[in-house]
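1. quick one, structure for this:
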Amino acid sequence: MRQPQAQDDRGADLRPSWDALLAGCGLPRLEARALLEHATGLPRSWLIAHGDEAAPGEPAARFEALARRRLSGVPLAYLAGAREFRGLLLRVDASVLIPRADTELIVELAIGLAPAGGRLLDLGTGSGAIAIAVGVARPDLQIVATDLSAAALDVAARNGAELLPADRPGGAPRWCVGSWWQALPRGEAPFDLIVSNPPYIAADDPHLGQGDLRFEPPQALASGADGLDAIREIVAGAPQRLAAGGWLLLEHGYDQGAAVRALLEQAGWREIATHRDAGGRERASVARAPQRASAPA
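-> Numbering: from 1, shown residues only. Okay, the predicted model is just below:
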């Protein structure tokens with residue numbers, strides 16, 4: 001049954017317009033528009049064209065509730081349920097890390113490193129951002145992606161189903177649940193490239209209690225006293241999972257480049273290099289697998 005409109009004693013509609021909702025919510029205009037589109041399911045062009053019209057009560061209430069949560073600090077990506085990453089609109093929720101522009105460097109490097117028709121492993125895939133973005137650019141690659149969180153893998157699998165063509169030559173990605181190397185089944189074929197954006201923040205870093213980080217999954221952010229525990233585990237286990245001459249590609253903190261290079265050098269990795277992000281900060285390190293020992297005569 002249609003609800004009666006709120007009117008004053010002269011019969012004028014008292015409901016706020018779409019423009020009034022945006023102006024009065026206390027959020028930056030672009031954030032407010034994103035939430036209004038999400039709350040209403042209406043495109044931005046329609047909302048702009050009809051901005052002076054009265055907003056129905058139910059979608060207006062949904063928008064106002066979202067705006068209040070945003071003002072309390074909840075990340076916009078979680079409220080809108082999506083985040084743009086390298087031109088792709090990825091579903092996100094509180095089970096996954098919010099994709100960030102810094103991670104696009106890993107994607108660019110992976111696209112160039114992976115051999116034609118090769119096999120790529122994405123460790124700790126979260127929303128699937130790296131695996132899917134590489135898979136879109138390189139349809140020839142076979143892709144396997146893992147995560148400790150089954151809920152995160154569900155998000156990644158839905159993103160993959162929506163964004164990767166079903167008939168891509170490399171086939172559909174495989175999504176494997178488990179902690180790092182334990183996620184892979186016994187007998188898994190070796191990979192030509194292993195990539196990861198692992199947790200790399202120190203457990204006592206005060207930034208974990210600030211901004212969006214307060215709401216993101218802790219296991220996707222922090223990794224031990226110096227932030228390098230996950231990277232150590234990946235560096236130690238990767239040679240056994242790589243084909244001869246394969247590559248390891250890791251995202252890390254802007255101030256961890258030297259420490260990551262040292263870990264790789266100590267483990268016998270070759271052709272080690274660190275790349276800088278768009279802001280000029282050391283953000284990703286790459287290395288070729290250690291030489292395998294020759295078989296005894």
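
2. only C-alpha atoms from now on, for both contacts and neighbour counts.
-> Fine.

3. where does L30 land in three-state SS?
-> Classification of L30 by DSSP: H, G, I helix; E, B strand; the rest coil places it in helix.

4. how near is it to L36?
-> Applying Cα to Cα, to the nearest Å, the value for L30 to L36 is 10 Å.

5. between the two, which has more neighbouring residues?
-> Shown here are L30 and L36; by other Cα atoms under 10 Å, L36 has more neighbours (26 against 10).

6. tell me who's in contact with the more buried one.
-> L22, F63 (Cα atoms under 8 Å, 6 or more residues apart in numbering).

7. element containing it, please.
-> Using DSSP states H and E, L36 sits within helix 29-40.

8. what's the answer for A110, then?
-> With DSSP H and E as criterion, A110 is part of helix 104-113.

9. quick one: average pLDDT of that helix?
-> Computed over helix 104-113, the mean pLDDT rounds to 98.

10. which SSE is immediately downstream of it?
-> With DSSP H and E, the next secondary element past helix 104-113 is strand 119-123.

11. give me the mean pLDDT for that following strand.
-> On average, strand 119-123 scores 98.

12. and the residue at minimal distance from the centre of the chain, helix, strand or coil?
-> Most central in the chain under Cα atoms, centre = their mean is P99, positioned 3.1 Å from the mean C-alpha point. Three-state call for P99 (three-state DSSP): coil.

13. that older thread, what comes into contact with the helix or strand just after the helix holding L36?
-> Using DSSP H and E, the helix or strand that follows helix 29-40 towards the C-terminus is helix 44-49. Contacts to helix 44-49, defined as Cα under 8 Å, 6+ apart, come from residues W18, R33, E37.

14. what is the burial count for the second one?
-> To tie it back to what came earlier, the one meant is R33. Neighbours of R33 under the rule other Cα under 10 Å: 21.

15. residue contacts, it?
-> Counting by Cα under 8 Å, 6+ apart, R33 touches L22, R44.

16. any idea how far it is from W46?
-> 12 Å.

17. G279 is in what secondary structure piece?
-> Assigned by DSSP H and E, G279 belongs to no helix or strand.

18. which elements pack onto the longest strand belonging to the chain?
-> Longest strand in the chain, counting residues (DSSP state E): strand 242-251. Applying 3 or more Cα pairs under 8 Å, 6 or more residues apart in numbering; DSSP states H and E, one finds that strand 242-251 contacts helix 104-113, strand 191-196, strand 282-288.

19. what's the mean pLDDT across it?
-> 97.

20. hang on, R70 in a helix?
-> Yes: under three-state DSSP, R70 falls within a helix.

21. okay, now it: neighbour count?
-> Neighbour number of R70 under other Cα under 10 Å is 20.

22. need the residues that contact stretch 255-269.
-> With Cα under 8 Å, 6+ apart, stretch 255-269 has contacts from 231-232, 235-236, 252, 270, 272-274, 282-285, 287-291.

23. can you point out the buried residues in that stretch?
-> Q256, G257, V260, R261, L263, L264, G268, W269 (16 or more other Cα atoms under 10 Å).

24. and the contacts of stretch 255-269, which of them are buried?
-> By 16+ other Cα under 10 Å, the contacts of stretch 255-269 give 231, 235, 252, 270, 272, 274, 282-285, 287-290 as buried.

25. doesn't Y200 make contact with L221?
-> Yes: assessed by Cα atoms under 8 Å, L221 is found in contact with Y200 at 6.2 Å.

26. what about those two, which has more around it?
-> Y200 (23 against 18).

27. and the gap between the more buried one and S179?
-> Taking Cα to Cα, one finds Y200 at 15 Å from S179.

28. now P28
-> 39 Å.

29. for G245, same thing?
-> Here G245 is placed at a distance of 25 Å from S179 (Cα to Cα).

30. ok, now A145?
-> From A145 across to S179, the span is 12 Å (Cα to Cα).

31. those two - which one has more neighbours?
-> Applying other Cα under 10 Å to A145 and S179 shows that A145 carries more neighbours, namely 28 against 14.

32. tell me the SS of that one?
-> A145 - assigned by three-state DSSP - is strand.

33. for burial, what's the neighbour tally of P206?
-> 9.

34. where does the prediction get shaky in the stretch 1-150 of the chain?
-> For the stretch 1-150 of the chain, the stretches with pLDDT under 70 are 1-14.

35. many thanks, have a good one.
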